[in-house]
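A.B. asks: can you look at this prediction? I've put the sequence above it.
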Amino acid sequence: MTDRLRVGIVGAGDNTRRRHIPGLRAVAGVEVVGVANRTAESTERVANEFGIATRYPNWQALVADDQVDAVVVGTWPNLHAEVTCAALAAGKHVLCEARMARNVAEACTMAVAAQARPDKVAMLVPSPFGLECDTEIELLLFRNFIGDLREVVVIGADDQFHDYTKYLHWRQDAAISGFNVLTLGILHETLSRWVPQPTRVYAQTQIFEPVRPNPHGSGNLAVTVPDSVQILTQYASGARGIYHFSGTALQGPGKQIHLFGSLGTIKIVFGEHDRVFVGRKVDSELREITIPPEKLGGWRVEAEFVAAIRGEEKVRRTDLAAGLQYMEFTEAVANSAQSGLPVSLPLS
């Protein structure tokens, strides 16, 4: 099918330039017709880099243009809700970057806006972690490889923010990033493909380096997003979970998910490619398995978005309802850390 689809880009960040624009252009009948970045200069650079015809003075002008059928929201999270809601109200399909919003309140406005326009596709960029092994993990769980789930361990610990002489990153600024901490939300989204949502969280957080150099001027700015998080979770089945996230862990273990059951264990290590290790009582150690090519998944975000618009498939990774779930989880973590008390899910 080659029905023409005209896409406008609001916020052409790294992921948009590396993945979304090339991915959209790889689909027959799709045209990237316009762009609006934070400044006129950056808008011009992106337009020239990709040969995009229309440069808009701001995102409002792009959203209002009848020549745009769909909008990709690649901005920082502080604009996700506003741009997404405006685009849906204007009758556009929307693909919004991950980190759905800054908080549950904003995420709810996005979900309500999507419900008000059931004729339009509203999709979030999914967590890239686990896309390759997703089918294999689902099959292992369906075949009861681990038996009853007993324990979950989620790890996202590295040294990306260990050097406090580096400029403040937008992910360390709560005014931009909200309750999102490190890769907590994105790895929780991955886990949620295989395990039900927890019913309770109990968290503690810490900021080890309270200030960072100002990227836009002299002096330092306050770090307002934790760089260390530990969480205990409970599940309706009785299973328990442990999360460890850090941006200051030298030689940290990186990103992993472990599923421990009554019969076996599954360990997933995320890197350039997903690696899956399994074991049961008869095994002396975990063994890595090779995922057959026919079960190997991958990145197809832009193709899925277009196919959903054309009525060829439904959004599987990730709709706004799933995004709202991981937003509730990240906010519950923040609330628990602030109060020192456990927080029940779902949030009221």
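C.D. replies: That came through, no problem. These figures come from a predicted structure and were not determined experimentally.
A.B. asks: from here on, just use CA atoms for contacts and neighbour counts.
C.D. replies: Will do.
A.B. asks: quick check: buried residues in the host helix or strand of Gln115?
C.D. replies: Using DSSP states H and E, Gln115 falls within helix 104-116. For helix 104-116, burial by neighbour count (16 or more other C-alpha atoms under 10 Å) applies to Val104, Glu106, Ala107, Cys108, Thr109, Met110, Ala111, Ala113, Ala114.
A.B. asks: thought Val343 was touching Ser336?
C.D. replies: Yes: between Val343 and Ser336 there is a contact at 5.7 Å, judged by C-alpha atoms under 8 Å.
A.B. asks: give me the common contacts of those two.
C.D. replies: Residues touching both Val343 and Ser336 comprise Val201, Tyr202, with contact defined as C-alpha atoms under 8 Å, 6 or more residues apart in numbering.
A.B. asks: now do the contacts for Ala111.
C.D. replies: Leu320, Ala321, Leu324.
A.B. asks: please flag which of those sit within helices.
C.D. replies: Among the contacts of Ala111, the residues falling in helices (DSSP state H) are Leu320, Ala321, Leu324.
A.B. asks: lowest-confidence one in these?
C.D. replies: Minimum pLDDT for these is recorded at Ala321 (92).
A.B. asks: next, count neighbours for that residue.
C.D. replies: Burial of Ala321, expressed as a neighbour count using other C-alpha atoms under 10 Å, amounts to 16.
A.B. asks: residues contacting it?
C.D. replies: By C-alpha under 8 Å, 6+ apart, the neighbours of Ala321 are Ala111.
A.B. asks: measure stretch 66-86 end to end?
C.D. replies: In stretch 66-86, first residue to last residue: 13 Å (C-alpha to C-alpha, to the nearest Å).
A.B. asks: mind listing what's buried in that stretch?
C.D. replies: Applying 16+ other C-alpha under 10 Å to stretch 66-86 flags 68-81, 83-86 as buried.
A.B. asks: same check on stretch 5-17?
C.D. replies: Leu5, Arg6, Val7, Gly8, Ile9, Val10, Gly11, Ala12, Gly13, Thr16, Arg17.
A.B. asks: just stretch 300-313 next, same as before
C.D. replies: Neighbour-count burial for stretch 300-313 flags Arg300, Val301, Glu302, Ala303, Glu304, Phe305, Val306, Ala307, Ala308, Ile309 (criterion: 16+ other C-alpha under 10 Å).
A.B. asks: any chance of JSON lines for these, columns distance to Leu286?
C.D. replies: Below are these laid out as JSON lines (distance: C-alpha to C-alpha, whole Å):
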{"residue": "Arg300", "distance to Leu286": "30"}
{"residue": "Val301", "distance to Leu286": "32"}
{"residue": "Glu302", "distance to Leu286": "35"}
{"residue": "Ala303", "distance to Leu286": "35"}
{"residue": "Glu304", "distance to Leu286": "34"}
{"residue": "Phe305", "distance to Leu286": "37"}
{"residue": "Val306", "distance to Leu286": "40"}
{"residue": "Ala307", "distance to Leu286": "39"}
{"residue": "Ala308", "distance to Leu286": "39"}
{"residue": "Ile309", "distance to Leu286": "42"}
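A.B. asks: now, which of those residues sits nearest His93?
C.D. replies: Nearest to His93, judged by C-alpha to C-alpha, of the buried residues of stretch 300-313 is Ile309 at 7.5 Å.
A.B. asks: quick check: phi and psi on that closest one?
C.D. replies: phi -60, psi -40 (degrees, to the nearest 10).
A.B. asks: check the spacing between it and Val121 real quick.
C.D. replies: Ile309 is 6 Å from Val121, by C-alpha to C-alpha.
A.B. asks: quick check: neighbours shared by the two?
C.D. replies: Both Ile309 and Val121 are in contact with His93, where contact means C-alpha under 8 Å, 6+ apart.
A.B. asks: what about the helices in the stretch 201-348 of the chain?
C.D. replies: Remark: helices assigned in the stretch 201-348 of the chain by DSSP state H, counting those that start in this stretch are 301-309, 320-339.
A.B. asks: mind checking the ones you listed for the one nearest to Leu140?
C.D. replies: Closest among those, using C-alpha to C-alpha: helix 320-339, at 22.3 Å.
A.B. asks: buried residues, that closest one. List them.
C.D. replies: Buried residues in helix 320-339 (16+ other C-alpha under 10 Å): 320-337.
A.B. asks: what's the angle from it to helix 104-116?
C.D. replies: 170 degrees (axes from the mean of the first three to the mean of the last three C-alpha atoms, to 10 degrees).
A.B. asks: per-domain residue ranges of the chain.
C.D. replies: Domains of the chain are assigned by automatic domain parsing as 5-125+300-318, 134-298.
A.B. asks: winner for burial among the ones you listed?
C.D. replies: With neighbours defined as mean count of other C-alpha atoms under 10 Å, the domains of the chain peak in mean count at domain 5-125+300-318, which reaches a mean of 20.
A.B. asks: pLDDT of that one, averaged?
C.D. replies: On average, domain 5-125+300-318 scores 96.
A.B. asks: quick one, helices of the stretch 1-150 of the chain?
C.D. replies: 14-15, 21-25, 40-50, 59-64, 80-89, 104-116, 134-142.
A.B. asks: redo the domains of the chain as JSON lines? Include distance to Ser348.
C.D. replies: Output for those, formatted as JSON lines (distance: least, C-alpha to C-alpha, whole Å):
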{"stretch": "domain 5-125+300-318", "distance to Ser348": "11"}
{"stretch": "domain 134-298", "distance to Ser348": "12"}
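A.B. asks: hmm, back to that, what angle separates the helix holding Gln115 from helix 80-89?
C.D. replies: Using the same axes, to 10 degrees: helix 104-116 against helix 80-89 is 10 degrees.
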